[in-house]
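Colleague: Any chance you can model this:
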Amino acid sequence: MKVLEMSDTSARIVSISNRIAVLSNDLKNNLLDMDANIKKLKLLKKDVYFDYVGTARRNYQKVLAEIMELDTRRETPAGYWRHIDQNFGGHIQSGISMEQVMDEDYIGIDADVMSQWMAVIVVARKDNENRIEQALIQINHLSRQVIRNCMIGFGFSIVVGIMGVWFISRSIIVPLNKLKSGLKLVSDDNYTYEMDITSKDEFGELAAAFNDMNRQLKADDEIRSDFIATLSHEIRSPLSSIRESVNMLTEEFFGPVNDKQKKFLTIAADEIARITSLLNHLLDASVLVSVSGAKKRPVSPFDPNELVQSAISSITPGAETRGIRTKFKKLEQPPMVKGNEKEIMQVIINILDNAVKFSPDNSRVDIRLTRGPGKHFLTCGISDEGPGIPEDKKNLIFKKYYRAREVREHMDGVGLGLNIARRIVQANGGEIFVENKPDKGCTFSFTLPVC
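Modeller: Down below sits the predicted model:
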């Protein structure tokens, strides 16, 4: 509205006031030309000057008529120009002949009248200039108002834009963050999380689909765990009978056996022991699911140096057969660690078993205890000199039953050691992670709270 008002004001200046300023100057010049040509005609007595007088008179009348028409279009007409026409128009004779002008008694325009006439024109021009000046002041005032209103509108638009962005981002980013959190839990084999369905749009459909997927995965995992647990229990009974039978045959309880028979009985006993170990891992994973979700767990303080040393002792015989050395850097004046000592022992053994399994012969496994992160945690790091872990596999090695394709054909296992380790560490209030070493091998680290 202010811009439109500025446009109307500027139009008045250009089309009316400015035009009147130009025409008033022409009016004055025509009046002076008419008076000057009358004097030249009386003095020189040439017809051309009579024509000049007529032309100047017609131009004067034409210009004055246009000025009066423009003045009437103003909101407040000045009235000076109509006053000039009414009071001085009679001094311009349009029907006079050249002989009458040449008469000595013909005066033309009296000097006093001319002075008054010009004075009124000057006043009218001054009034028109004042109107132009007032219009310019009004335009300046309106322009300031427009700038102020634009700044207010711009600020209001920014506020509305920020609120719109906040609303849109909240309606998009919040559900995506919830979905991201849910997918992270699913990747950690946690199927208990469900997204809240607060709308019926695409995000609501996505949340419903995620919840359905999560429930299905949870049901499938429970079925698989129950099946493996049941199968493991069912296999252990006949396996125990077979193991005892093989042991009785090996010990020649039913009579002597020759060397060839003893050789095959020893192979059978070793394979039975291997199968028993795999079944124990499967049972441990099934039992750990319920234990990790329990509200109360047996927790007691223990010395981390002694626990690590005991775990190293249990894997030393197998490591020495391949020439693998273990180097343990104890922690000076270690704090007591708070957790389930038996479970933490299993975590260390599982990681050490993997380190020995993937390390080349005659290599070294380093175990280190350090303070941190912060003053409430302690970190245990186990490093090997094996091939390391590809970057795209780091998020998969802690998955239940996951085994890399490169090791499936020539290494035993069911892919539960690291999964069990992660569940135990998290249940005891810590975190576990893996990093590749710059030169060779990788380092598994886990944190535990201290007393």
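Colleague: and the gap between Lys184 and Asn177?
Modeller: Computed as Cβ to Cβ, to the nearest Å, the Lys184 to Asn177 distance reads 11 Å. For glycine as for every other residue, the C-beta is placed from the backbone atoms N, C-alpha and C.
Colleague: Phe203 now?
Modeller: 12 Å.
Colleague: Of these two, which one has the most company?
Modeller: Looking at Phe203 and Asn177 with other Cβ atoms under 10 Å, you find the greater number of neighbours at Phe203, namely 19 against 10.
Colleague: residues touching that one, list them.
Modeller: Phe203 is in contact with 171-172, 175, counting by Cβ atoms under 8 Å, 6 or more residues apart in numbering.
Colleague: Among those, which ones are in helices?
Modeller: 171-172, 175 (DSSP state H).
Colleague: just the buried members of the residues you listed?
Modeller: Those of those that meet the buried threshold are Pro175, by 16 or more other Cβ atoms under 10 Å.
Colleague: from the ones in helices among the contacts of Phe203, which single one is nearest Val356?
Modeller: Set against Val356, the nearest of those by Cβ to Cβ is Pro175 (45.9 Å).
Colleague: My guess is the closest one contacts Glu205. True?
Modeller: No. Contact criterion Cβ atoms under 8 Å: Pro175 and Glu205 do not qualify, at 10.9 Å.
Colleague: Now Met195: closest residue in space, sequence neighbours ignored.
Modeller: Spatial nearest neighbour of Met195, chain neighbours left out: Ala207 (4.0 Å); criterion: Cβ to Cβ, 6 or more residues apart in numbering.
Colleague: Would you agree Thr326 falls within a helix?
Modeller: No. Assessed with DSSP: H, G, I helix; E, B strand; the rest coil, Thr326 is strand; it does not lie in a helix.
Colleague: With pLDDT added, can I get the ones in helices among the contacts of Phe203 in TSV?
Modeller: Shown next, in TSV, are these (pLDDT from 0 to 100):
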residue	pLDDT
Ser171	73
Ile172	75
Pro175	75
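Colleague: and which of the ones in helices among the contacts of Phe203 is nearest Phe264?
Modeller: For those, the minimum distance to Phe264 (Cβ to Cβ) is 63.0 Å, reached by Pro175.
Colleague: Helix or strand: which one has the nearest residue to the closest one once chain neighbours are set aside?
Modeller: Nearest residue to Pro175 in three dimensions, chain neighbours excluded: Phe203, at 4.3 Å (Cβ to Cβ, 6+ apart). Phe203 is part of helix 202-250 when elements are defined by DSSP states H and E.
Colleague: List the contacts of Val386.
Modeller: Careful, residue 386 is Gly and not Val. Going by Cβ under 8 Å, 6+ apart, Gly386 touches 355, 358-360, 363, 440-442.
Colleague: returning to what we had before: what's the neighbour count on the residue nearest to Met195?
Modeller: By the criterion of other Cβ under 10 Å, Ala207 has 20 neighbours.
Colleague: so what's it up against?
Modeller: 175, 178-179, 195-197.
Colleague: Format the residues you listed as JSON lines; extra columns: distance to Cys451 and secondary structure.
Modeller: Listed next are those as JSON lines, based on distance: Cβ to Cβ, whole Å; DSSP: H, G, I helix; E, B strand; the rest coil:
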{"residue": "Pro175", "distance to Cys451": "41", "secondary structure": "helix"}
{"residue": "Lys178", "distance to Cys451": "36", "secondary structure": "helix"}
{"residue": "Leu179", "distance to Cys451": "38", "secondary structure": "helix"}
{"residue": "Met195", "distance to Cys451": "38", "secondary structure": "coil"}
{"residue": "Asp196", "distance to Cys451": "38", "secondary structure": "coil"}
{"residue": "Ile197", "distance to Cys451": "43", "secondary structure": "coil"}
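Colleague: so can I have CSV of the residues you listed showing distance to Arg74?
Modeller: Listed next are these as CSV, based on distance: Cβ to Cβ, whole Å:
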residue, distance to Arg74
Pro175, 64
Lys178, 69
Leu179, 70
Met195, 71
Asp196, 70
Ile197, 69
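Colleague: Can you tell me which of the residues you listed are buried?
Modeller: 175, 178, 195.
Colleague: Among these, which one sits closest to Ile162?
Modeller: Using Cβ to Cβ, the buried ones among the contacts of Ala207 come closest to Ile162 at Pro175, 20.6 Å.
Colleague: now that closest one: how far from Ile197?
Modeller: Per Cβ to Cβ, Pro175 is found 10 Å from Ile197.
Colleague: which outside residues touch stretch 118-134?
Modeller: Contact with stretch 118-134 is made by 13, 17-18, 20-21, 24-25, 27-28, 31, 74, 78, 80-81, 83-84, 87-88, as judged by Cβ under 8 Å, 6+ apart.
Colleague: same deal with stretch 48-57?
Modeller: Residues outside stretch 48-57 that contact it (Cβ under 8 Å, 6+ apart) are 30-31, 33-34, 37-38, 40-41, 92, 94, 98, 101.
Colleague: Next, check the residues you listed against the helices and list the overlap.
Modeller: Among the contacts of stretch 48-57, the ones falling in helices (DSSP H) are 30-31, 33-34, 37-38, 40-41, 98, 101.
Colleague: First-to-last residue distance for stretch 430-442?
Modeller: With Cα to Cα, to the nearest Å as the measure, the first residue of stretch 430-442 is 20 Å from its last.
Colleague: For it, which residues meet the burial criterion?
Modeller: 430, 432, 434, 441-442.
Colleague: ok, residues contacting that stretch?
Modeller: Under the contact criterion Cβ under 8 Å, 6+ apart, stretch 430-442 has outside partners 339, 347, 359, 377, 383-389, 391, 394, 397-398, 421-422, 425-426, 443-449.
Colleague: and what of stretch 261-268?
Modeller: For stretch 261-268, the external contacting residues (Cβ under 8 Å, 6+ apart) are 246, 249-250, 257.
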